[in-house]
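A.B. asks: Return a 3D structure for these sequence lines:
(chains A and B)
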There are 2 protein chains.
Amino acid sequence: MTTDATAAANTPNASPSTAGPVGVIGLGSMGFGVAQSLLKAGFVVHACDVRPDVLARFVALGGVAAATPAALAAKVDKLIILVVNAAQTDAVLFGESGAAAALPPGAIVISSATVAPEYAVQLAARLEAMGLVNIDAPVSGGAIKAAAGEMTVMAAGAPAAFARCSALFEAIAGKLYRLGDTPGKGSTVKMINQLLAGVHIAAAAEAMALGIKAGADPQALFEVISNSAGSSWMFQNRVPHILAGDYTPHSAVNIFIKDLGIVLDSARKHSFPLPLTATAHQMYLSAASAGHGGEDDSAVIKIFPGIDLPAAGKQ
Amino acid sequence: MTTDATAAANTPNASPSTAGPVGVIGLGSMGFGVAQSLLKAGFVVHACDVRPDVLARFVALGGVAAATPAALAAKVDKLIILVVNAAQTDAVLFGESGAAAALPPGAIVISSATVAPEYAVQLAARLEAMGLVNIDAPVSGGAIKAAAGEMTVMAAGAPAAFARCSALFEAIAGKLYRLGDTPGKGSTVKMINQLLAGVHIAAAAEAMALGIKAGADPQALFEVISNSAGSSWMFQNRVPHILAGDYTPHSAVNIFIKDLGIVLDSARKHSFPLPLTATAHQMYLSAASAGHGGEDDSAVIKIFPGIDLPAAGKQ
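C.D. replies: Next comes the predicted model:
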């Protein structure tokens, strides 16, 4: 039995049993949560991931493991791809044992990696040429929201495709934004969100660093600014990591090197200047170059010299 | 009769009649609201301002006009200074007909302009040498919160001084943060808040500019990001001005040239680098140099070339 009957009975508007099985490629921090949410909603969920231990954890929850994207694709007519970037999206769709050639005609590919809008447009055209349907659907919200079925989805695609995926999106999304009928519009909005998220984390680090240098109490600084006009979602979310001295990577410095890199590359194609994004990107590069690339993105504060950061275990 | 008896009766915890008259120097967007809130709480309020029309409006509400800071100082043992910067603070306290020399011994000077922490420390020492008491108390929240008696106050000073001003702060502050016993700590936190506020407005402009260039719908972009991890207090507050094409200055580009200038000068004294603040400062300077210094700070988006901003009156 691959479904969680209790959870399904508690999900009033979804009718996943008539919606057919779905595939999830990539069981990372977001993908695992999405797969879990689909199981809870009563879907038969096929998944694949390169890590056998993660796949075993998924099977223990009631999911069906697939050996390759192609093996998965033969079982479903809808799949969602939650890998890290465009290169991995290409690999799982078009690489050796890729999903695209194995999907039935008219199947829907929901692509959710953070990619350049230009790539999203090309991907949709390539899938369409193979008789497949694409929804450009980057996500936001983090692992906890993914596991709760409460992600924000920034989506664009044909209305008929959304109609076929209504139960699926209901199971995984707290907010589903429909940003247009043509793929690319979702990735554009996600790109702008990443621009701001990346700049805001670096700004939070710069602000806390100067505050500490100037002798302010870091905890008081955090509390006052969280309630003032200088606050941001990222300030409130990431500064507690700095205060706790805990740089366990919820999302790593290297992720923002990638994401702001996508933003800068895309803007350069428009010959468009991004002074703050370029500066923040350099700050993350400095952090990675000093050996902090795999730490939590709040570790960008470690580029500021001559300050005593709160130590771990002091909270 | 200079008090508003009805409002005083409705303010349960204040006992302003026993607290004595108070002075307000500077009836700008924040100062006028503060003076109004004090009147509403039942205080006898003396005020001065260089603009006769603003002073007349204050008198019409029940306030007492003073011709000079010195004339005001002779009538009160507590005053709050809500001028624009350190130079104006110096002028109204120590210039011709300045308040400091005319205040009674032990009087309290609450200094609320946004100034460098170093200046705040020096100011307190100078007042103390004259037998006066300083509370370093920069404010945040804007004109509407000031008029409602709901400002955020970031304050530092001697506990005895706060005890004497409890009714006063209750009348004007929604949140009173006590950041230490020595002046300077309040201005440090305010400086960090301004760093973030200034960077976040410039980041909001950069993000909306790229979004428009990349073909996103500006209104949809605003809505999605307001509900995503890329949001900030300033993004939510200032982007509606851009969407409405309305650059009426609630707070002008020139204010952030001043405030980020204070932050950069203060950090330079610590030989401390601020890559994002320096970049944002250059963006505001670009906007002012192109003739937008007196417009709303969201007009920093006008530095981005080749995009069609929403026009006024289209909303």
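
A.B. asks: contacts and neighbour counts: CA atoms only from here.
C.D. replies: Will do.

A.B. asks: tell me how far the helix or strand residue A:263 falls within is from the chain's mean position?
C.D. replies: Using DSSP states H and E, residue A:263 sits in helix A:253-269. Remark: helix A:253-269 is offset 15 Å from the chain centroid, using C-alpha atoms, centre = their mean, to the nearest Å.

A.B. asks: give me the number of residues near the residue in the stretch 151-300 of chain A positioned nearest to chain B?
C.D. replies: Going by C-alpha to the nearest C-alpha, chain B is nearest to residue A:232 of the stretch 151-300 of chain A, at 3.8 Å. Residues lying near residue A:232 (other C-alpha atoms under 10 Å in any protein chain shown) number 30.

A.B. asks: where does it sit relative to residue A:287, distance-wise?
C.D. replies: Per C-alpha to C-alpha, to the nearest Å, residue A:232 is found 22 Å from residue A:287.

A.B. asks: Now do the strands in the stretch 1-150 of chain A.
C.D. replies: In the stretch 1-150 of chain A, the segments counted as strands under DSSP state E, counting those that start in this stretch are A:22-25, A:45-48, A:64-65, A:78-81, A:108-111, A:133-136, A:139-140.

A.B. asks: Can you name the element that comes right after the longest helix along chain A?
C.D. replies: Using DSSP state H, we find that the single longest helix of chain A is helix A:185-213. The C-terminal neighbour of helix A:185-213 among helices and strands, as given by DSSP H and E, is helix A:218-226.

A.B. asks: can you list the weak-confidence ranges in chain A?
C.D. replies: A:1-18, A:314-315 (pLDDT under 70).

A.B. asks: my guess is residue A:312 meets residue A:245, correct?
C.D. replies: Yes. Residue A:312 is within contact range of residue A:245, at 4.1 Å (criterion: C-alpha atoms under 8 Å).

A.B. asks: So which of the two has more stuff around it?
C.D. replies: Set residue A:312 next to residue A:245 and count neighbours by other C-alpha under 10 Å: residue A:245 wins out with 18 against 13.

A.B. asks: show me what contacts that one?
C.D. replies: Applying C-alpha atoms under 8 Å, 6 or more residues apart in numbering or on different chains, we find residue A:245 in contact with A:309, A:310, A:311, A:312, A:313, A:314.

A.B. asks: Those residues: which two are farthest apart?
C.D. replies: A:309 and A:313 (12.3 Å; C-alpha to C-alpha).

A.B. asks: higher neighbour count, these two?
C.D. replies: Set residue A:309 next to residue A:313 and count neighbours by other C-alpha under 10 Å: residue A:309 wins out with 18 against 9.

A.B. asks: Chain B versus the more buried one, what's the distance?
C.D. replies: Noted for residue A:309: a distance of 15 Å to chain B, by C-alpha to the nearest C-alpha, to the nearest Å.

A.B. asks: what about that residue, which SS state?
C.D. replies: On the three-state scheme (DSSP: H, G, I helix; E, B strand; the rest coil), residue A:309 is labelled coil.

A.B. asks: That one against residue A:239, yeah?
C.D. replies: No. Taking contacts as C-alpha under 8 Å, residue A:309 lies outside contact range of residue A:239: 11.5 Å.

A.B. asks: What about the residue nearest to residue A:306 when sequence neighbours are not counted, how many residues nearby?
C.D. replies: Residue nearest to residue A:306 in three dimensions, not counting chain neighbours: residue A:213, with 7.7 Å by C-alpha to C-alpha, 6 or more residues apart in numbering or on different chains. Residue A:213 has 18 neighbours, counted by other C-alpha under 10 Å.

A.B. asks: what's the neighbour count on residue A:272?
C.D. replies: 19.

A.B. asks: residues touching it, list them.
C.D. replies: Counting by C-alpha under 8 Å, 6+ apart, residue A:272 touches residue B:210.

A.B. asks: Likewise for residue A:65?
C.D. replies: A:46, A:47, A:48, A:55, A:56, A:58, A:59.

A.B. asks: In the stretch 51-200 of chain A, mark out all the helices, start to finish.
C.D. replies: A:52-60, A:69-73, A:86-94, A:117-129, A:142-147, A:159-164, A:166-172, A:185-213 (DSSP state H, counting those that start in this stretch).

A.B. asks: which residues touch the third one?
C.D. replies: For helix A:86-94, contacts defined as C-alpha under 8 Å, 6+ apart pick out A:25, A:69, A:81, A:83, A:98-101, A:111, A:113-115, A:119.
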